[in-house]
Each structure stands twice: as structure tokens, then as C-alpha cells.
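> Fold the following, please.
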Amino acid sequence: MVQINWTVQAREDLQSIAKYIARDSLKYARLQIIRIRLRTEILTSHIYSGKIVEEINREDIREVIEGNYRIIYRIVDQERVDILTVHHSARDLGKRNL
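A predicted model of the protein is given here:
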């Protein structure tokens, strides 16, 4: 089984997302974070299930989508995946430092 490692950046992204959504609804903020985390579970058995990130165009940098969020990850090896960032799809990824 593949280990999913959440980087510091990805954990901070989740906190920011939760904080932003919680301004309107604490319940929905919690649900969104749960959905994002659950979406990454597919990577434990299918590391290539995400598509290559168009802006980066590297085989090892991929993304899965959950709602409006792009969950960008790097395949370290066949036993480990690093979640690099969770990025809102309406924002410019080019401004992020991956």
C-alpha cells in the first residue's frame, strides 16, 4: 500500500481552506476537508489515477480533483506519494511555488 505524505504546504492549504469556509459555515468547512482527504485515498492503490498537471508537464506531478480544488501530488516512488498543495481551481497555479 502506498503511503500518502501531506507536506507542510498541503497541510497549511487545508487549514486556510477550512478557515475561509468556516467564516460562513463551520459544518461545511469540516465536510470539505473530509472530502479532500477522502479523495486522496484512491492514491493508496492507484498512484497514476490523477492526470498530469498541465502547467508543470511532468510525469511525476499529478492531480486529482475534489469539487473546486486541485489536489496536486508528486509520485516519489511506488510506495510513497507527497501531497504538494491543495489549490482552488479558479486561482492561477503559476503563482504557486511547487
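
> Now do the helices in the chain.
Assigned by DSSP state H, the chain shows helices spanning 8-22, 26-39.

> so can I have CSV of those helices showing distance to Ser49 and mean neighbour count?
All C-beta atoms are positioned from the backbone trio N, CA, C, and that covers glycine. Shown next, in CSV, are the helices of the chain (distance: least, C-beta to C-beta, whole Å; neighbours: other C-beta atoms under 10 Å):
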stretch, distance to Ser49, mean neighbour count
helix 8-22, 18, 15
helix 26-39, 10, 14
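
> Output these as CSV; include the columns mean pLDDT and distance to Gly94.
Converted to CSV, these look like this (pLDDT from 0 to 100; distance: least, C-beta to C-beta, whole Å):
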stretch, mean pLDDT, distance to Gly94
helix 8-22, 97, 16
helix 26-39, 97, 22
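
> Show me the one of those that comes nearest Leu84.
helix 8-22 (6.2 Å; C-beta to C-beta).

> Tell me which residue of this protein is furthest from the middle?
Asp24 (22.4 Å; C-alpha atoms, centre = their mean).

> ok, it to Ala18 distance?
12 Å (C-beta to C-beta, to the nearest Å).

> what does Asp92 give?
22 Å.

> now swap in Glu66 and tell me
Glu66 is 14 Å from Ala18, by C-beta to C-beta.

> what is the residue nearest in space to the middle of the chain paired to in the beta sheet?
The centre of the chain sits closest to Ile71, judged by C-alpha atoms, centre = their mean, with a distance of 2.2 Å. Beta bridges link Ile71 to Val64, Val86, judged by DSSP bridges.
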